[in-house]
Structure formats: structure tokens, C-alpha cells
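Enquirer: I would like to see how this sequence folds:
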Amino acid sequence: MTHGRRATALASALARTSHPGPAVAVTLAATLLAVTWGATAGTALLVAAAALAGQLTVGWSNDLVDRDRDRRVGRRDKPLATGEVSASTVWVATAVAVVVAVTASLALGAHAGVLHLALVATGWAYNLGLKRTVLSWLPYAVCFGGLPVVVSLAARDETGPGWTILAGALLGTGAHLVNAVPDLEDDRLTGVVGLPHRLGAPRSVDVATGLLVAGSVVTAVVPVGGVDVLAVVVLATCGVLLVAGRMSRDARSPFRAAMAIALVDVVALLLRT
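Expert: Take a look at the predicted model:
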């Protein structure tokens, strides 16, 4: 393999190890919020850098912590488990991302920066042990609910409307439940027993559906105190995504649908504020 091909293969493996779907979705949502809430171009770029770097540290550390478990259950979609990338390489990438996350976060200002780093630390706490407990949902609720506050503090020096926190927490918890469902059996074999494992797959999906719907209702209805054209469009779109996610044969479709719903709600949030 040529040097160029090796570099491309390594970059691909690092990207897949980072949990790219959630990383891109969170970064896009944070950046759109920053722009809509009047952030300067420089601040919006810092928000994007901080969000992406923070997500990369969480994604890479997750697979580093889980690499032995992933090997035992034969996860072929995990580059660390298959040997496509070494642990030392991922550790170096994680360290670089930590430096970028800290630098970009603090450049947003003390309040926004410290809060964002606290959210990143909450993601690490999930990886390091909370995922094995009944509180496995809590980091998702805190991080999704706290992100709009970070962006509002950076862009407008205020915490923003409280309904954004509630909507984020509902969506984050729902995303956690549907994301865990495909791996419930593998997780149990390796000692991970979080909230989704205690609920079981059917109830996890049912509870997640309720939470996602509730988050969408909060986003579309609460800001105007009723149902208007935007609310109808948002709720109909989210309903289609939910049904499509549940009917698909792909085990990851419900999580992808949850991320899509979150982005739809971000767009609604942008139009409401």
C-alpha cells in the first residue's frame, strides 16, 4: 500500500471511530443556532470548532474504552476492534482534539467555555461508567439540553429560553434509548446494563418515541402557545421520520431518525427565535 493510500485508510478509520453521525449532527446544530442567534462569523466558527472537537473526544474515547468489549463480541464495524487503527493513534488524535476543544471553548468566553467543557466531561463520564447504570440517559439529557445554553451564552451573553433546554433533554434521552437498542445483547454479554437494557428493546423504542414526540411538541408549539402552520409541518415531518425509522429493517435506522428529528427541531427552533 502506498503512503497516500495508508494515510487515506488511516483517516477513514479515525473518522469511523469518532462516531461521525452524531458529531456532524451536533456540530451542525450548534453552528446553525449560533448564526441564527446573531453570532459573529468568528464566534460561529469557534462554536463549530468547539462542538466538533468536543464530540470527537467523546466518540474516540468511547471506542477506546470499549475496544476490548468490541473485540469479544466481534464488532466488525469498529476499526479499533478490527485493527484498522491502533489505540495509540486514537489516543494521539483524542489528545489533539482535547486541546482544540479547550482552546476553542474558552475563546467563547468564560461562561460559555466552562459550560461546554462541563458538557464534554459529562460525555466522558458516560463512557467511563455511567453507561453501565440506570443513569445512562443522564449525560444525553444534560448534553443535549445544555448545548443551546452554551451557544446562547457565546452568541448573545444570555442563557436563552428555557424551553430549548427541555426540548434538548427530551430529544437527547430519546436518542440514547434508540441508539442502544441494536447493541443490547452484546452489551449484556460484556457487563453493560444501562437504562435501555433494563427496559428492553420494545419498551426502549416506545419510550424513545414518546420522548422524541414530546421534544418536537415543545419545540414547535410551546414558543407560540399553540399550533400554527410551522408546528403542523414540523410535527408531520417528525412523524414521518419516526415511522420510517421504526419500519426500516436496518437496526440503526431509529437512531438516524432521531438525529434527523433533532435537526428538524433545530430548524424549527431557529424559526421560532
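Enquirer: what's the closest non-adjacent residue to Ser253?
Expert: Nearest residue to Ser253, sequence neighbours excluded (Cβ to Cβ, 6 or more residues apart in numbering): Gly245, at 4.8 Å. Quick note: C-beta positions are derived from backbone N, CA and C, even for glycine.
Enquirer: chain center to the helix or strand hosting that neighbour: distance?
Expert: Counting by DSSP states H and E, the element that carries Gly245 is helix 229-247. Offset of helix 229-247 from its chain centre (Cα atoms, centre = their mean, to the nearest Å): 20 Å.
Enquirer: got the buried residues for it?
Expert: Leu230, Ala231, Val234, Leu235, Thr237, Cys238, Leu241, Leu242, Gly245 (16 or more other Cβ atoms under 10 Å).
Enquirer: for the residues you listed, which one is nearest Arg76?
Expert: Using Cβ to Cβ, Gly245 is the member of these that sits closest to Arg76, with 23.2 Å.
Enquirer: My read is that the closest one contacts Val178, right?
Expert: Yes: the pair Gly245 / Val178 is scored as a contact, 7.5 Å apart, by Cβ atoms under 8 Å.
Enquirer: Give the residues shared as contacts by the two.
Expert: The contact sets of Gly245 and Val178 overlap at Pro254, Phe255, Ala257, Ala258 (Cβ atoms under 8 Å, 6 or more residues apart in numbering).
Enquirer: So which of those sits lowest on pLDDT?
Expert: Lowest pLDDT within the shared contacts of Gly245 and Val178 is found at Phe255 (75).
Enquirer: Name all residues that make contact with that residue.
Expert: By Cβ under 8 Å, 6+ apart, the neighbours of Phe255 are Gly21, Ala175, Val178, Asn179, Pro182, Gly245.
Enquirer: What subset of these is buried?
Expert: The buried subset of the contacts of Phe255 - by 16+ other Cβ under 10 Å - is Ala175, Val178, Asn179, Pro182, Gly245.
Enquirer: Just the element for the first one, please.
Expert: Pointing back at Ala175 there. helix 162-180.
Enquirer: wait, His176 sits on Leu135?
Expert: No: between His176 and Leu135 there is no contact under Cβ under 8 Å: 10.9 Å.
Enquirer: And the two? Which one has more around it.
Expert: A direct count of neighbours by other Cβ atoms under 10 Å for His176 and Leu135 places His176 higher, at 27 against 15.
Enquirer: Can you add distance to Leu263 and pLDDT and give the contacts of Phe255 back as JSON lines?
Expert: JSON lines is the format used below for the contacts of Phe255 (distance: Cβ to Cβ, whole Å; pLDDT from 0 to 100):
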{"residue": "Gly21", "distance to Leu263": "11", "pLDDT": "88"}
{"residue": "Ala175", "distance to Leu263": "11", "pLDDT": "87"}
{"residue": "Val178", "distance to Leu263": "15", "pLDDT": "85"}
{"residue": "Asn179", "distance to Leu263": "15", "pLDDT": "84"}
{"residue": "Pro182", "distance to Leu263": "21", "pLDDT": "82"}
{"residue": "Gly245", "distance to Leu263": "14", "pLDDT": "83"}
